[in-house]
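Asks: Take this sequence and fold it.
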Amino acid sequence: MKPARTLLALAAAATLTTTAAALPATGTAAAAAAPPRIAAGLDCTTWIHNNDPLYGGVDCANNTGGPVTVHADIVCGLAPDVTGNSVTIQPGRVGESSGHCAFYSTGIGHIGWTVE
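Replies: Below is the predicted model of the structure:
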């Protein structure tokens with residue numbers, strides 16, 4: 001082999017070895033992360049306040065047969081993320097979880113919710 005080909009072959013082998021070592025023991029990256037829990041029949045809408053772009057939350061309607069507890073997950077740009085208050089919503093009712101980002105935040109980048 002020519003020296004350039006040898007170096008390329010060694011670099012490719014090192015890359016494959018490093019990649020294989022980084023995989024979890026199950027062999028798939030998807031198995032390492034559990035999906036978020038979603039309650040069937042829970043209908044949620046996120047919002048950001050019209051006059052305060054650092055204040056936002058989630059409104060959820062509980063269309064299930066039992067009570068559901070949720071909270072808002074607010075991504076606050078360069079400031080720490082915020083977890084909204086936990087709200088238990090009875091069947092057929094609507095509940096709201098909200099939070100406020102720090103004054104130095106660059107703004108709300110995303111709002112989601114977690115079923116507890």
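Asks: tell me the mean pLDDT for stretch 101-116?
Replies: Taken as a whole, stretch 101-116 has a mean pLDDT of 95.
Asks: Check whether S97 really touches T88, as I assumed.
Replies: No - using CB atoms under 8 Å as the test, S97 is too far from T88 to be in contact (10.5 Å). Backbone N, C-alpha and C define where each C-beta goes, glycine included.
Asks: More neighbours: which of the two?
Replies: S97 (24 against 12; other CB atoms under 10 Å).
Asks: how many other residues sit next to I48?
Replies: Count around I48 with other CB under 10 Å applied: 14.
Asks: Any idea what S97 is bridged to?
Replies: Here S97 sits in beta bridges with V58, going by DSSP bridges.
Asks: Counting neighbours, what do you get for G107?
Replies: 14.
Asks: Just to check, W113 is in contact with C60?
Replies: Yes - counting by CB under 8 Å, C60 is a contact partner of W113 at 6.7 Å.
Asks: joint contacts of those two?
Replies: Common contact partners of W113 and C60 (CB atoms under 8 Å, 6 or more residues apart in numbering): 44, 70, 97.
Asks: What segments of this protein are helices?
Replies: 3-22 (DSSP state H).
Asks: domain parsing for it?
Replies: Annotated domains of the chain cover 1-34, 42-115 [automatic domain parsing].
Asks: Going by mean pLDDT, which of these comes out lowest?
Replies: Minimum mean pLDDT among these: domain 1-34, a mean of 42.
Asks: I74 bridge partners, please.
Replies: V82, I111.
Asks: Next up, the contacts around it.
Replies: Contacts of I74 by CB under 8 Å, 6+ apart are 56-57, 81-84, 99, 101, 108, 110-111.
Asks: Could you let me know which of these ends up closest to G66?
Replies: G84 (21.4 Å; CB to CB).
Asks: For the closest one, what are phi and psi?
Replies: phi -70, psi 170 (degrees, to the nearest 10).
Asks: Count the neighbours of it for me.
Replies: G84, neighbours per other CB under 10 Å, totals 21.
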